[in-house]
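>>> structure for the following, please:
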Amino acid sequence: MIRNRQTNELYETDKSKAQGFLYNNFFGRIILKLLICPFISKIVGRYQDSRFSKRAIKKFIKKNNINMDEYEDVEFKSFNDFFTRKLIRSCRNEDFRENEFISPCDSKLSAYEINNELVFKVKNAYCSVETLLDNKELAKEYVVGYVLIFRLTVTDYHRYCYIDDGYQGKLNRIKGKLHTVNPIALGRYNFYHINQREYTVFESKNFGDLVYVS
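Below you'll find the predicted structure:
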């Protein structure tokens with residue numbers, strides 16, 4: 001137990017040192033420009049979709065103390081297959097009453113009432129509705145609404161659902177970088193302003209129009 005804990009601590013220390021070098025060192029930032037390119041992300045994604053990435057699953061479960069009893073007992077084909085694992089339906093209660101707003105995902109929730117001065121914080125990064133959507137006109141339509149931030153950690157169930165019956169509009173993609181969302185990056189970049197993201201307007205049956213951002 002002590003040996004495993006020390007190994008994890010050394011790993012986290014080395015990881016923090018590496019990220020510190022990339023974001024706080026001149027030569028590190030030169031390397032970083034390459035690492036945040038979309039094609040690098042695609043290469044990593046393909047590896048995580050491959051059978052070779054399976055070797056990381058057991059270590060990840062143990063390190064993060066994930067209760068696998070809540071998930072379907074299947075053989076995962078890759079790390080990404082594991083990361084989007086399916087829950088056993090009985091492990092979550094579902095409420096289909098029309099006046100009940102259900103959570104779209106397993107997460108930690110923060111809520112803010114929108115006004116013209118609202119600036120909210122995600123992982124110590126400050127943001128407004130306008131900067132998040134990169135769309136001034138759309139942001140104006142929600143001045144009397146609410147911002148709900150559903151923050152998933154690495155141990156959460158990474159699947160999503162709609163909060164109501166309705167119609168999904170066009171998917172809008174905001175081109176950007178692929179910086180880590182680790183707080184260390186905030187020393188130089190506000191990644192919630194410049195990172196790649198996408199949103200869609202969802203016309204819900206019982207709650208009006210909502211904007212989904214991911």
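
>>> so is residue 77 in a helix, a strand, or just coil?
Secondary structure, DSSP: H, G, I helix; E, B strand; the rest coil: residue 77 is coil.

>>> isn't it right next to residue 52, touching?
No - checked against CB atoms under 8 Å, the pair residue 77 and residue 52 is beyond contact range at 11.0 Å. C-beta coordinates here come from the backbone N, C-alpha and C atoms, glycine included.

>>> which one is the residue most central in space within the chain nearest to, not counting chain neighbours?
Nearest residue to the geometric centre of the chain (CA atoms, centre = their mean): residue 152, 5.7 Å. Once flanking residues are discounted, residue 152 sits nearest to residue 107: 4.9 Å by CB to CB, 6 or more residues apart in numbering.

>>> which residues does the one you found contact?
Contacts for residue 107 (CB atoms under 8 Å, 6 or more residues apart in numbering) come out as 150-152, 156.

>>> residue ranges for the strands of the chain, please.
Ranges of strands in the chain, per DSSP state E, are 108-113, 120-122, 125-127, 146-151, 166-174, 197-204, 208-213.

>>> which one, of the ones you listed, ends up nearest to residue 85?
strand 146-151 (18.3 Å; CB to CB).

>>> so what does that closest one touch, helix or strand wise?
Strand 146-151 sits against strand 108-113, strand 120-122, with contacts defined as 3 or more CB pairs under 8 Å, 6 or more residues apart in numbering; DSSP states H and E.

>>> contacts for stretch 198-211 next, please.
The contact list for stretch 198-211 (CB under 8 Å, 6+ apart) reads 98-99, 101, 133, 138, 141-142, 162-174, 212-214.

>>> and if you look at stretch 89-98?
So stretch 89-98 is contacted by 70, 102, 106, 205-206 (CB under 8 Å, 6+ apart).

>>> tell me which of those is nearest to residue 48?
residue 106 (20.4 Å).

>>> are any of the contacts of stretch 198-211 buried, and which?
Buried members of these, scored by 16 or more other CB atoms under 10 Å, are 133, 142, 163-164, 166, 172, 212.

>>> pipe these into CSV and attach pLDDT and distance to residue 89 per row.
Shown next, in CSV, are these (pLDDT from 0 to 100; distance: CB to CB, whole Å):
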residue, pLDDT, distance to residue 89
133, 89, 34
142, 92, 33
163, 90, 18
164, 91, 19
166, 93, 22
172, 91, 32
212, 92, 23
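
>>> JSON lines for these, including distance to residue 114?
Below are the buried ones among the contacts of stretch 198-211 laid out as JSON lines (distance: CB to CB, whole Å):
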{"residue": "133", "distance to residue 114": "12"}
{"residue": "142", "distance to residue 114": "6"}
{"residue": "163", "distance to residue 114": "17"}
{"residue": "164", "distance to residue 114": "19"}
{"residue": "166", "distance to residue 114": "20"}
{"residue": "172", "distance to residue 114": "19"}
{"residue": "212", "distance to residue 114": "16"}
